[in-house]
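Q: fold the following for me, if possible:
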Amino acid sequence: MWKSTSEEAYSLVSGDRQSTYNHPAVDYSRVAQLFDALTGIELSLRETVAFMLCVKLSRIGNALHQDFPASVVRDSIVDLAGYGDCLFAVWEAETEDALDDILDDVLDDFDDR
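A: Below you'll find the predicted structure:
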């Protein structure tokens, strides 16, 4: 039996990464702002995360083309699953107007420091 890449991705996204970088909507808001500052191209939160999915798909495509062993491509597959989870979290936050609540919580935490 193999170790699930989906389980690993979920534990990273909902655990270490979220405690370090905050909710994906907050994290990718920063990424979108930086991307806009660097390129002059404004991406939505969903597009920003989808761009990260494209990066991982490109790396996986390269690995397929070069016939890399599974151990080499595993990290990109884990990341792909994690970015998929981040995309859902961002989409859900935007759809349910929860983004304002998420950002308010972050600002409250920041003010408490």
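Q: against residue 3, how distant is residue 82?
A: Going from residue 82 to residue 3 by CB to CB, to the nearest Å gives 15 Å. Every residue, glycine included, has its C-beta placed from N, CA and C.
Q: swap in residue 39?
A: For residue 39 relative to residue 3 (CB to CB), the value is 37 Å.
Q: try residue 23
A: Distance from residue 23 to residue 3, by CB to CB: 26 Å.
Q: which of the two has more neighbours?
A: residue 23 (20 against 8; other CB atoms under 10 Å).
Q: show me how far stretch 56-74 is from its chain's centre.
A: In this view, stretch 56-74 has its centroid 19 Å away from the chain centroid, taken as CA atoms, centre = their mean, to the nearest Å.
Q: please apply the same query to stretch 50-64.
A: 13 Å.
Q: C-alpha coordinates for that stretch, CSV please?
A: What follows is stretch 50-64, C-alpha atoms only, in CSV (Å, rounded to 0.1, in the frame of the first residue of the first chain):
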residue,chain,number,x,y,z
ALA,A,50,-5.1,28.1,-10.2
PHE,A,51,-1.8,29.5,-11.3
MET,A,52,0.0,27.5,-8.6
LEU,A,53,-1.9,24.4,-9.9
CYS,A,54,-0.5,25.2,-13.3
VAL,A,55,3.0,25.4,-12.0
LYS,A,56,2.7,21.9,-10.4
LEU,A,57,1.0,20.5,-13.5
SER,A,58,3.9,21.8,-15.6
ARG,A,59,6.4,20.1,-13.3
ILE,A,60,4.4,16.8,-13.4
GLY,A,61,4.2,17.0,-17.2
ASN,A,62,8.0,17.4,-17.3
ALA,A,63,8.4,14.5,-15.0
LEU,A,64,6.2,12.4,-17.2
